[in-house]
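Asker: Quick check, what structure comes out for this input:
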Amino acid sequence: LLIKQVENYTDINKRIKIAKAFIESASYNIHRNLIYYKNRGKNLEKYIKEIEFFRKQINKCKDVQELMGIDDVRPSQVNNHLFAISPEGSYMWAYSSWNDIINQDIKFERRVKNPPDNAINSLISYVNTFIYTRVLSEIYKTQLNPTISYLHEPSERRFSLCLDIAEIFKPIIGDRLIFSMLN
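Answerer: You can find the predicted model right below:
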């Protein structure tokens, strides 16, 4: 299994396919959240259209760096809202919808980590830590190596596979938990 995991990492085509699957799943769950809150009376149509645009960009990415938005973050004008074309960046962009979803005056502008600069960023970091820990715990139940990942750059001192897998669960578990607590 370790050999296959490494082979999938070193094969550029396999790696990008797996990385895209993580981003497609995460963006699908972001979209689900937006639809959920739209159906509960929130005016989120512009965010829904923009995440749908982002989701279409995923298959256009040629490599992981482009998918993560490291090398090719360009401003683009869609629906009169300025954002980057990075599908991975779409998660960061989705935070702008939080001001409309949360029933408090939070003025949440951007995600800041290490250290978080406000209560919302602290709450996101706190919840994400639980998700990362739970994912890592589940990885340990398999024979997968948690340091070999496909979306995030692997590192000997970082469990980057758990960062990859957690992308799927952060919107649907983490964000929904935060929305429920604050609303």
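
Asker: Run through the protein and note the low-pLDDT ranges.
Answerer: Applying pLDDT under 70 to the chain picks out residues 69-93, 156.

Asker: Strands of that one, residue ranges please.
Answerer: Counting by DSSP state E, the segments of the chain that form strands are 75-78, 81-84.

Asker: what residues are up against residue 144?
Answerer: Residues counted as contacts of residue 144 (CB atoms under 8 Å, 6 or more residues apart in numbering) are 1, 5, 161. Placement of C-beta: from N, CA and C, glycine included.

Asker: same for the lengthiest helix in the chain, what does it pack against?
Answerer: Counting by DSSP state H, the longest helix found in the chain is helix 12-38. Under the contact definition 3 or more CB pairs under 8 Å, 6 or more residues apart in numbering; DSSP states H and E, helix 12-38 sits against helix 2-10, helix 45-57, helix 64-68, helix 89-94, helix 98-101, helix 160-169, helix 176-182.

Asker: Not counting its neighbours along the chain, what's nearest residue 64?
Answerer: In space, and not counting its chain neighbours, residue 64 is closest to residue 19: 5.1 Å by CB to CB, 6 or more residues apart in numbering.

Asker: ok, the contacts of residue 144 vs residue 30, which is closest?
Answerer: Set against residue 30, the nearest of the contacts of residue 144 by CB to CB is residue 161 (21.1 Å).

Asker: Let me see the contact set for the closest one.
Answerer: 139, 144, 145, 146, 147, 148, 149, 150, 154.

Asker: Scan the residues you listed and report the most crowded one.
Answerer: Within these, neighbour counts (other CB atoms under 10 Å) peak at residue 149, which reaches 26 neighbours.

Asker: contacting residues for the spatially closest residue to it that is not a sequence neighbour?
Answerer: The shortest distance from residue 149 to any non-neighbouring residue, by CB to CB, 6+ apart, is to residue 160 (3.7 Å). Counting by CB under 8 Å, 6+ apart, residue 160 makes contact with 146, 147, 148, 149, 152, 153, 154.

Asker: Same list (the helices and strands packed on helix 12-38) but as a markdown table, adding distance to residue 32.
Answerer: Output for those, formatted as a markdown table (distance: least, CB to CB, whole Å):
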| stretch | distance to residue 32 |
| --- | --- |
| helix 2-10 | 27 |
| helix 45-57 | 10 |
| helix 64-68 | 21 |
| helix 89-94 | 11 |
| helix 98-101 | 13 |
| helix 160-169 | 12 |
| helix 176-182 | 9 |
